[in-house]
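In: pasted the sequence and its predicted model underneath.
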Amino acid sequence: MVKVAPSVLSANFAELKKDLDSIQKYGADWIHYDVMDGHFVPNISFGYSILADVKKVSDLYLDVHLMISDPKKYVDEFIKAGADLITFHIEAMESEEKTRELIEYIHQHNKHVGISIKPATPVSTIEKYLNDLDLVLVMSVEPGFGGQSFQDMAIAKIKELKDKRQDAHYLIEVDGGINDQTGKLCKDAGADVLVAGSYVFNADNRQAAIDSLK
Ligand SMILES: O=C(CO)[C@H](O)[C@H](O)COP(=O)(O)O
Ligand SMILES: [Co+2]
């Protein structure tokens, strides 16, 4: 069954514990935590100290999506704060060597590693890393903001990643504009994890929203 990872970007931070408790109660599998630095993307969200607070009050698996220009510089802080999975963007990496070093570094700290690709980045860009990854995050919107519309080209990338998986073990996660309809398209294409921010947190009935994605 597909995993549902509500993005706390759309949560109410003045009532964060209440929001986290509600999604856990309604069957969310992971918490998706969007980190934005105002440089890699034109928006600023939150950093590692809030992640440490989230860790204290939730048992859910913490899926950290780093939309930052220098992931290596901050990775220790996110590891210490309790991330279970750290996903960085291939577009932020300057070389294959640095990319391989970062994958290895995160694994040495017993955390899962993912790489994310923006809508314009082809799967071929990350092909050489696929056997070493726990997850590939396909962006179905331009990273930076919640509440955007799903871009269909993500479907072909999900299928391509599924076809290429063979002996590799990575999960395929899709992020941006997910609702019951776009979520179904992604599931049918082979997605393992659906990130949904506004669709879950802005729903009048969060239970129904999460159920509709499963
Ligand atoms: O990474 C992201 C944006 O860069 C968010 O995870 C994503 O946009 C989720 O929000 P929504 O479901 O509202 O599109
Ligand atoms: Co995200």
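Out: Ah, there it is. Note that the structure is a prediction, hence the values are computed from the model and not measured. Residues are numbered from 1 along each chain as shown. Ligands and ions are numbered 1, 2, ... in the order given.
In: please verify my assumption that residue 84 contacts residue 113.
Out: No. The pair residue 84 / residue 113 is not scored as a contact, 10.8 Å apart, by CB atoms under 8 Å. Yep, even glycine has a C-beta here, placed from its N, CA and C like the rest.
In: when these two are compared, which one has more neighbours?
Out: residue 113 (22 against 16; other CB atoms under 10 Å).
In: for ligand 2, see how far away the residue nearest the centre of the chain is.
Out: The chain has residue 65 as the residue nearest its centroid, 4.8 Å off, counting by CA atoms, centre = their mean. Counting by CB to the ion, to the nearest Å, the gap from residue 65 to ligand 2 is 4 Å.
In: got the contact list for that residue?
Out: By CB atoms under 8 Å, 6 or more residues apart in numbering, the residues touching residue 65 are 32, 33, 34, 35, 87, 116, 137, 175, 195.
In: nearest to residue 160 among those?
Out: Minimum separation from residue 160 among the contacts of residue 65 (CB to CB) is found for residue 137, which lies at 14.3 Å.
In: which SS class is the closest one?
Out: In three-state terms, and counting by DSSP: H, G, I helix; E, B strand; the rest coil, residue 137 is strand.
In: element containing the nearest residue to it once chain neighbours are set aside, please.
Out: Distances taken as CB to CB, 6 or more residues apart in numbering put residue 116 closest to residue 137, at 3.7 Å, once the chain neighbours are dropped. Per DSSP states H and E, residue 116 falls inside strand 112-117.
In: quick one: that strand to strand 135-139, angle?
Out: For strand 112-117 against strand 135-139, the angle by axes from the mean of the first three to the mean of the last three CA atoms, to 10 degrees is 30 degrees.
In: which positions in this protein make contact with ligand 1?
Out: 7, 9-10, 32, 34, 65, 67, 141, 143-148, 175-178, 195-199 (CB under 6 Å from any ligand atom).
In: which stretch of helix or strand covers residue 191?
Out: Here residue 191 is assigned to no helix or strand, by DSSP H and E.
In: wait, it sits on residue 2?
Out: Yes. The pair residue 191 / residue 2 is scored as a contact, 6.6 Å apart, by CB under 8 Å.
In: contacting residues around residue 186?
Out: 140, 154, 155, 158, 174, 178, 194.
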